[in-house]
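Chemist: Give the three-dimensional model of this entry:
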Amino acid sequence: MKKLRRPDFRVAALSLALAGLTACQSTVTPLDPLIGDTGQPLSAVSQAADVKTYDLALDIDPASQSISGVGRTGFVLVQATAQVELKLDSRFTIDKIEVGGKAAIYKRSGGVLTIALGAEQPAGSAVDVAVFYHGQPHVAKNAPWAGGTVWAKTPDGKPWIATAVQGEGCDLFWPCKDHFADKADSMRIRLTVPNGLSAVTNGVLQQVTPVGKDKQQFDWLLSVPASDYNIALNIGPYQRIQDSYTSVNGSKVAVEFWALPENADKAKTLWQQDLLQQVQWYERVLGPYPWGNQKLGFVETPHLGMEHQTVNAYGKGYKRDDNGYDWLAQHEMAHEWFGNLITHKTLNHAWLHEGFGLYMQPAYAKDKLGIAAYHYQLYKSYLGLLNCDPVVRTGTVTSDEAFNPDIYGKGGWTLHTLRYLVGEPVFWQATRELLYGTADTATIPFPITPKYRTTEDFIAIVNRLTG
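Modeler: Sure, this is the predicted structure:
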């Protein structure tokens, strides 16, 4: 989702232009170019180790707009090496780094941490690294497009905090590999916040524990692989709304919406009268919601939105559109399939996230309102086409280059054209195979294994089905 996700791209382009003007007046320290651009080619050191687990324990202090804690990474070495690599924004102070519970020697070059293992370790070795750190994270200039941490206030003056780092990456607030190509198998996230606030993130809430007299810790476990940019902090005086629905595969899926208390009724209405119908449509045309053994989650945020796996950020104000449904929630939900279930193998194929993400809105409108609504939405996106960039770039690209405006509109129109040429049944069969590896998706049980995909993968599927 990062750049221009709205159906009317002209409005989004104006927003970006205005954001650029205000950014010129910002006093925020610029990001290191490497830290501010996720998914760049991995160094030789980083390629030697495969991330298996992350364990993040943070204390968030809204008063000082700072965080402190420890980020633990469990590696398995894929080749013999005497060092491993993590990334962390250089504005943080590192208190110490440990390997296997013992103090480690490390080198810090900007945001890159090269950590000595004491001696060369053979391939297959398990290595545990803990980075203890503190500081004030990079403040988002215009989340989610120019990301970082948002330190806001609710209408009644209480802390309201969120992170959105799709383009910049996880290293803006925690030590990580910062690359979508190496997803951890699981991640534990423990967030300590002042009493009266809730800390919401990915996965399933395990417990809430008092910390001293004035704080509490929220302990979450994400037990499915996720891109590290999808990990998000959401803190506020939330009301937790819980429900469930029966997936197309017969399983019960937990639903959570963490809303500001004054908007709890609006959140319940949005779920019952809109989002439930949306997820049921997705499951009917695609297959089971991918993370049904975790939760289908939404959290109200002080920024517009972002597709954080199992906890989609929502900040649109509970206003339905002229389409008759909430397009933002529908777009973010699309990314649970296009982006999270399948992830671009390299940034060159980011259109598989955003072209499909955009196309799901007119496709849903067609089923809900008819063919005129479908053409209306596509025409709106057509008016915003810049035609400056190819849908699939070649060579090495930055995150900003990858998530250019044309992968949204041109990507969506590519799919519209393909559906017209091959017919609706073949189009959706190819899409299901791209996502799940099979067209027979209705009975796939949880957990569902995510996949890396390329444009060539999709072309091969379509060519096989059409001859």
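Chemist: CA only for contacts and neighbour counts going forward, please
Modeler: OK.
Chemist: Where does the closest residue to Y106 other than its chain neighbours sit: helix, strand or coil?
Modeler: Spatially, and ignoring its direct neighbours in sequence, Y106 is nearest to I115 (4.3 Å; CA to CA, 6 or more residues apart in numbering). Using DSSP: H, G, I helix; E, B strand; the rest coil, the secondary structure recorded for I115 is strand.
Chemist: which residues does I115 bridge with?
Modeler: V84, Y106 (DSSP bridges).
Chemist: In terms of pLDDT, where does it sit?
Modeler: On pLDDT, I115 comes in at 98.
Chemist: okay, and for the stretch 51-200 of the chain, where does confidence drop off?
Modeler: For the stretch 51-200 of the chain, no stretch is flagged by pLDDT under 70.
Chemist: Please enumerate the strands of it.
Modeler: Secondary structure of the stretch 51-200 of the chain, counting by DSSP state E, counting those that start in this stretch: strands at 66-77, 81-87, 93-99, 102-103, 106-109, 112-121, 126-135, 148-153, 159-164, 186-194, 198-200.
Chemist: Pipe the ones you listed into a markdown table and attach mean neighbour count and distance to I342 per row.
Modeler: Shown next, in a markdown table, are the strands of the stretch 51-200 of the chain (neighbours: other CA atoms under 10 Å; distance: least, CA to CA, whole Å):
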| stretch | mean neighbour count | distance to I342 |
| --- | --- | --- |
| strand 66-77 | 20 | 23 |
| strand 81-87 | 21 | 24 |
| strand 93-99 | 17 | 33 |
| strand 102-103 | 11 | 38 |
| strand 106-109 | 13 | 33 |
| strand 112-121 | 17 | 28 |
| strand 126-135 | 20 | 28 |
| strand 148-153 | 21 | 24 |
| strand 159-164 | 26 | 20 |
| strand 186-194 | 23 | 17 |
| strand 198-200 | 25 | 24 |
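Chemist: Which of these sits closest to Q217?
Modeler: Of all the strands of the stretch 51-200 of the chain, strand 186-194 sits nearest to Q217, with 4.1 Å by CA to CA.
Chemist: The closest one packs against which elements?
Modeler: Helices and strands touching strand 186-194, by 3 or more CA pairs under 8 Å, 6 or more residues apart in numbering; DSSP states H and E, are strand 49-61, strand 198-200, strand 215-222.
Chemist: Hey, what's the angle from that strand to strand 49-61? Just curious.
Modeler: 10 degrees (axes from the mean of the first three to the mean of the last three CA atoms, to 10 degrees).
Chemist: let's have the chain start at 878 instead
Modeler: Sure, I'll start counting at 878 from here, so that last one is strand 1063-1071.
Chemist: which other residues reach strand 1063-1071?
Modeler: By CA atoms under 8 Å, 6 or more residues apart in numbering, the residues outside strand 1063-1071 that reach it are 929-938, 1076, 1078, 1088, 1091-1103, 1112.
Chemist: Would you mind extracting the C-alpha trace of it into CSV?
Modeler: Taking C-alpha atoms only, strand 1063-1071 is exported to CSV below (Å, rounded to 0.1, in the frame of the first residue of the first chain):
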residue,chain,number,x,y,z
SER,A,1063,7.1,-16.4,14.6
MET,A,1064,7.4,-13.2,16.6
ARG,A,1065,6.6,-12.4,20.3
ILE,A,1066,5.8,-8.8,20.9
ARG,A,1067,5.5,-7.4,24.5
LEU,A,1068,4.5,-3.8,24.8
THR,A,1069,4.5,-1.9,28.1
VAL,A,1070,2.4,1.2,28.3
PRO,A,1071,0.8,3.5,30.9
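Chemist: How far away from the center of its chain is it?
Modeler: Distance of strand 1063-1071 from its chain centroid, counting by CA atoms, centre = their mean, to the nearest Å, is 17 Å.
Chemist: Report the angle between that strand and strand 1092-1099.
Modeler: Angle of strand 1063-1071 versus strand 1092-1099, following the same axes, to 10 degrees, is 160 degrees.
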